[in-house]
Every structure is written in structure tokens, then in C-alpha cells.
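Trainee: any chance you could fold what I've pasted below:
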Amino acid sequence: MAKRPSKIDRLPQEVQTLIGKLRRNGRTIDEIMGKLAELDLDALGIAEADMPSRAAIGRHIQGLDAMAEEMRRQKTIAEAMVERGLVVDQGQTAKLNVALAHGLLTRLMFTEQGALATLDAEEAMFVARSIQSLASAAKADTDRELKVRAEVAKEAAAAAAKVAKDQGLTRDTVDLITREILGVGK
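Mentor: All right, here's what the predicted structure looks like:
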């Protein structure tokens, strides 16, 4: 059974965005409540009873803060890995991003108590799309890496062939070296 959306989740997207923007700008819960009180509820199609309480805003902000903190932590990890030379090229950075996104998605799948989160249909679709995007990113990275390896092997084969010819090796010997040792078929 899917959990019931909170009052904040049921608000129009523009109001949810306003709450997030106010929080990002450092506004307190009371300041956010004040801004919400100024809204023209009739124009937005919101009943007074559908407005969130101060406690609901507080819980929502805690969730936003926790998500922002997790994103900062993931960014710090990525920056530290690059700084220490553990990630040196675009391929490694792409793999790191996929791994970090996978970790974040996994964390979102569990409640604060460690139980598997109950998802409604929309949330399940989001998770499925996220997993599909991660798989696509990993495949694109693998394809790019294979292409780079093939190009490097061709360049190495051409350089080896030139050196072999300069040293007086026969064409058959050069072909054998490039095919069997360097793995570049002709």
C-alpha cells in the first residue's frame, strides 16, 4: 500500500517550488509560513484546510535539508577523489558519477528507520527511469572506452609496423605482430 502524499506534495508545483526556493534562500519555517499565508488560495485553487501546518513544513524542510546535505557529501567525495588523483580522466569521472547516483538512489529507497520505502506508482516510475538512466550512462561509458581502446590499438599497431619495417622485418611478420600481439586484425 502506497503512502499517502503529504499536504505539501498535494500543493501545486509552483507553491512547492516557492517553499524550496525560500528555504534555499535561508528563510526560517516561520518566514515560509508567513509567505504561504500571503498567497491567494482561491486563485491557486487551494482550500484553507489543504494548507500544510507548521510541523508539516518543518518535516518537509528537514527532508530538503537532508537531501541537500547528501548531495553536498556526494560532491565532496567526488572532488576529493579528483583532487587525490583517484579520478584522472573523463571515463573515470563518468563511472564515479554513475556510482554516486546509484548510491544516492539506494539511500532514497529506504526510510530513516532502515525499512524499504513504500512507493506509489509515480515514485516507482521515477526509480525505474533513474535505474534505466544509470544503465544507459554505464553503457555509453563502456562504449566510449572500447572505442578509445580500439583507436589506441590502431595507433600502436601503425607505430609498431613502422618500426618493424624500419628494422627490416617482412610484411608478413609485421602483420603477425599487429594481429597477434597488438590485437589489431587486418
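
Trainee: drop to CA atoms for contacts and neighbour counts, all remaining ones
Mentor: Fine.

Trainee: helices and strands around the top helix by length along the chain, which ones?
Mentor: The longest helix of the chain (DSSP state H) is helix 121-166. Contact here means 3 or more C-alpha pairs under 8 Å, 6 or more residues apart in numbering; DSSP states H and E; on that basis helix 121-166 packs against helix 90-108, helix 171-176.

Trainee: hey, least reliable of the ones you listed by pLDDT?
Mentor: Of all the helices and strands packed on helix 121-166, helix 90-108 carries the lowest average pLDDT, namely a mean of 69.

Trainee: that's a strand at Pro52, yeah?
Mentor: No. Judged by DSSP: H, G, I helix; E, B strand; the rest coil, Pro52 forms no part of a strand; its state is coil.

Trainee: that one reaches Lys7, doesn't it?
Mentor: Yes. With contact defined as C-alpha atoms under 8 Å, Pro52 counts as touching Lys7 (5.5 Å).

Trainee: what's around Ser136, how many residues?
Mentor: Around Ser136 there are 13 other residues, counting by other C-alpha atoms under 10 Å.

Trainee: quick one, domains of this structure?
Mentor: Domain ranges of the chain: 1-83, 136-185, per the TED database.

Trainee: pipe those into JSON lines and attach distance to Leu96 per row.
Mentor: Below are the domains of the chain laid out as JSON lines (distance: least, C-alpha to C-alpha, whole Å):
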{"stretch": "domain 1-83", "distance to Leu96": "7"}
{"stretch": "domain 136-185", "distance to Leu96": "10"}
